[in-house]
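Q: Provided below are the primary sequence and the corresponding predicted coordinates.
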Amino acid sequence: MCMVIFAPLFAIFAFATCGGYSGALRLSVDCANKTESDLSIDIDFAYPFRLHQVTFEVPTCEGKRREKLALIGDFSSSAEFFVTIAVFAFLYSLAATVVYIFFQNKYRENNRGPLIDFIVTVVFSFLWLVGSSAWAKGLSDVKVATDPKEVLLLMSACKQQSNKCMAVHSPVMSSLNTSVHSRIPSGDALKKEKSSKTVSVILQ
């Protein structure tokens, strides 16, 4: 019962770490002609990770001309799918918790209750597995696309040896890593808690 009560908390933690994420990196381009340098190029990105829409301007080290670039990739589909599943899982966990606490007698009176609950839990467990797998791949691609070394390769000024390009600040991905490894107890612990009851209902 303890895991059932805390299930909504685990669910909201899972989608909040992804849906509420915002990251930033800072790059530096030191041109041979110091007056053309830009030592603080800030690039901000956030959920749903449509990185191809994230634009920024950098010096070309050829006079005052600057070029406008954009990050590579659109990873919104996997991120939004993961967050959507997590939101619905949270709502179901919350509703199930209310039923278990306040309507326990009515829940046990009808054999359909445990069976329906079991089926819904299995469906959510499968969708959660699919969503987590898709977002794990998406997260890996986001890390590559926002890697300062990869971003520096997009700049024409950084292809000239006379100019010095470097990363000042890299994005922190620890919270996104946590979102991938999050689990919803209602999908696993809850099934174990009432597995014997559900099996007896099916056999009947």
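A: Now that the structure is in, tell me what you want to look at.
Q: where in the chain is pLDDT low?
A: Low-confidence segments of the chain, defined by pLDDT under 70: 1-8, 10, 175, 177-204.
Q: Swap in 50 and give it another go.
A: Residue ranges of the chain with pLDDT under 50: 1-3, 183-204.
Q: now the helices for it?
A: Assigned by DSSP state H, the chain shows helices spanning 2-19, 76-102, 104-109, 112-145, 148-152, 174-181, 185-193, 195-203.
Q: out of these, nearest to Ala32?
A: helix 148-152 (16.5 Å; CB to CB). All C-beta atoms are positioned from the backbone trio N, CA, C, and that covers glycine.
Q: Give me the helices and strands touching the closest one, please.
A: strand 22-30, strand 164-169 (3 or more CB pairs under 8 Å, 6 or more residues apart in numbering; DSSP states H and E).
Q: can you redo those as CSV with mean neighbour count?
A: Converted to CSV, the helices and strands packed on helix 148-152 look like this (neighbours: other CB atoms under 10 Å):
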stretch, mean neighbour count
strand 22-30, 17
strand 164-169, 15
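Q: Turn those into TSV, columns for distance to Val144.
A: As requested, the helices and strands packed on helix 148-152 are exported to TSV (distance: least, CB to CB, whole Å):
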stretch	distance to Val144
strand 22-30	13
strand 164-169	14
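Q: Ile85 contacts Ser125, doesn't it?
A: No - the pair Ile85 and Ser125 does not pass the contact test of CB atoms under 8 Å, sitting 10.5 Å apart.
Q: In terms of neighbours, single out the busier of those two.
A: Shown here are Ile85 and Ser125; by other CB atoms under 10 Å, Ile85 has more neighbours (24 against 18).
Q: burial of the closest residue to the more buried one other than its chain neighbours, as a residue count?
A: Distances taken as CB to CB, 6 or more residues apart in numbering put Gly131 closest to Ile85, at 4.2 Å, once the chain neighbours are dropped. Residue crowding around Gly131 was assessed by other CB under 10 Å; the count is 23.
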